[in-house]
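J.: Here is my input, please return the structure:
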Amino acid sequence: MSGVTDANGARALGSEEQLVLAALLRLLVRLDGKFSDAEQEALEDIATDFGEKTFWQLMDEAGRQLPDEAAIRAGVGRVGGPDARELIYKLVLGVAQSDCIQGREQGLLDFLRQTWKL
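T.: Numbers count the residues shown, from 1 in each chain. All right, here's what the predicted structure looks like:
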């Protein structure tokens, strides 16, 4: 286990917050054009802790409901609670840090920090 996750907290997120988390994770792994083994392991850790079936269904649903970067960024604006924002950021950051953070990934992390005032 990488220590990246706080699945109990992630399961406590509201359904919209879980959807935004999944969409951000999907976006993150696409931003650098490759899905590294380290990123895959970090996502598998989250999936295992979160509940694998539920997690991967959520990832699929996020792809349908928030299909592109613009939709995901709009979804980010709907995450209201500071605890939810901090947890989502922590999980996304953990996956990003699982390998070298690339420029576009850093841009996403910066966007989250600025939007959520973290």
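J.: just for this structure, where's the confidence low?
T.: 1-8 (pLDDT under 70).
J.: Pick out the residue nearest the middle of it.
T.: In the chain, the centroid-proximal residue (CA atoms, centre = their mean) is L25; its distance is 3.3 Å.
J.: which residues does the closest residue in space to it that isn't next to it in sequence contact?
T.: Spatial nearest neighbour of L25, chain neighbours left out: V95 (6.0 Å); criterion: CB to CB, 6 or more residues apart in numbering. C-beta here means a position set from N, CA and C on the backbone, and glycine is covered the same way. V95 makes contact with V4, L25, L28, V29, E39, A42, L43, I46, according to CB atoms under 8 Å, 6 or more residues apart in numbering.
J.: Which members of the residues you listed are the farthest-apart pair?
T.: V4 and V29 (13.5 Å; CB to CB).
J.: Quick check, E39 in contact with S98.
T.: Yes. With contact defined as CB atoms under 8 Å, E39 counts as touching S98 (5.5 Å).
J.: got the buried residues for the strand or helix carrying L109?
T.: If you go by DSSP states H and E, L109 is part of helix 103-116. If you call a residue buried by 16 or more other CB atoms under 10 Å, then helix 103-116 has these buried ones: E105, L108, L109, L112, W116.
J.: can you list contacts of that helix?
T.: Contacts of helix 103-116 (CB under 8 Å, 6+ apart): 24, 27-28, 31-32, 73, 76-77, 79, 82, 85, 88-89, 92-93, 96, 101, 118.
J.: Going through these, which ones are buried?
T.: 24, 27-28, 31-32, 73, 76, 79, 85, 88-89, 92-93, 96, 101.
J.: ok, which stretches of the chain are helices?
T.: For the chain, applying DSSP state H gives helices covering 7-12, 15-31, 37-50, 52-65, 69-76, 82-96, 103-116.
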